[in-house]
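# What would the 3D arrangement of this be:
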Amino acid sequence: MDVCLWASQIVNGDFYLGPLLISHAASWYEYLTDERVNRYTSWNLQSLAELEELIHFYNSGSPGGAVRFGVFSASTHELVGTVGLHSFSIKDGRAEIAYDVRPDFWRQGIARAACGTLAGLALGKWKLQRVQATLLDENIGSAKVLQRCGFEFEGVMRKYRVLRGVARDYHLYSRVVES
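The predicted structure is shown next:
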């Protein structure tokens, strides 16, 4: 799968997807560690250096690894969010999608546009059969984003992931290629 084919994919008139670079790490780290964002994610970052290592990994092109892209303002080119795929199974044609948006850009349709764009590419151009998402049971905003992007609720995964020392329930959503 050649992710470079769409390095500046427009997600709507005001935002675009592009390569996530080390130079974006400080901005990304700042909002990922903001309690308003962090409470809904599985991120447990301890340092900026840890996030920089992840960016190197995302850009490594490792088969079956993960990919992550920045979501940028078309007018200022500042990082306003990220979206990516991980937990690939090429054999089974599936991956998991994840995204985040800076709080001062919430409720502007950015997550919906970025998630919808990447899911559409994964199921279309990249020929995956399934894109899934897992989210904390209390993350109602993200559930709405997924539903607006054509994902369907599949169920509750009880005690699915330990988050900050506590086993938490997660909801599973998926979008699949219809035969």
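# So what touches stretch 48-66?
Residues outside stretch 48-66 that contact it (CB atoms under 8 Å, 6 or more residues apart in numbering): 19-22, 24-26, 28-29, 32, 45, 67-68, 84-90. Where you see a C-beta, it was placed from the backbone N, CA and C, and this is true even at glycine.
# switch the cut-off to 7 Å
Under the criterion CB atoms under 7 Å, 6 or more residues apart in numbering, residues 20-22, 25-26, 28-29, 45, 67-68, 84-86, 88, 90 lie in contact with stretch 48-66.
# Report the buried residues of it.
51, 52, 54, 55, 58, 59, 66 (16 or more other CB atoms under 10 Å).
# Name the helix or strand for the first one, please.
The secondary structure element spanning residue 51 is helix 48-58 (assigned by DSSP states H and E).
# Let me know the next secondary structure element after the helix ranked longest in the chain.
Longest helix in the chain, counting residues (DSSP state H): helix 110-123. Where DSSP H and E defines the elements, the next helix or strand beyond helix 110-123 is strand 130-136.
# Please name every helix or strand in contact with the helix or strand following that next one.
Per DSSP H and E, the first helix or strand lying C-terminal to strand 130-136 is helix 140-148. Packing partners of helix 140-148 (3 or more CB pairs under 7 Å, 6 or more residues apart in numbering; DSSP states H and E): helix 110-123, strand 130-136.
# what does the next helix or strand after helix 140-148 contact?
Per DSSP H and E, the first helix or strand lying C-terminal to helix 140-148 is strand 152-163. With CB under 7 Å, 6+ apart as the test, strand 152-163 has contacts from 42, 134, 137, 167, 168, 169, 170, 171, 172, 173, 174.
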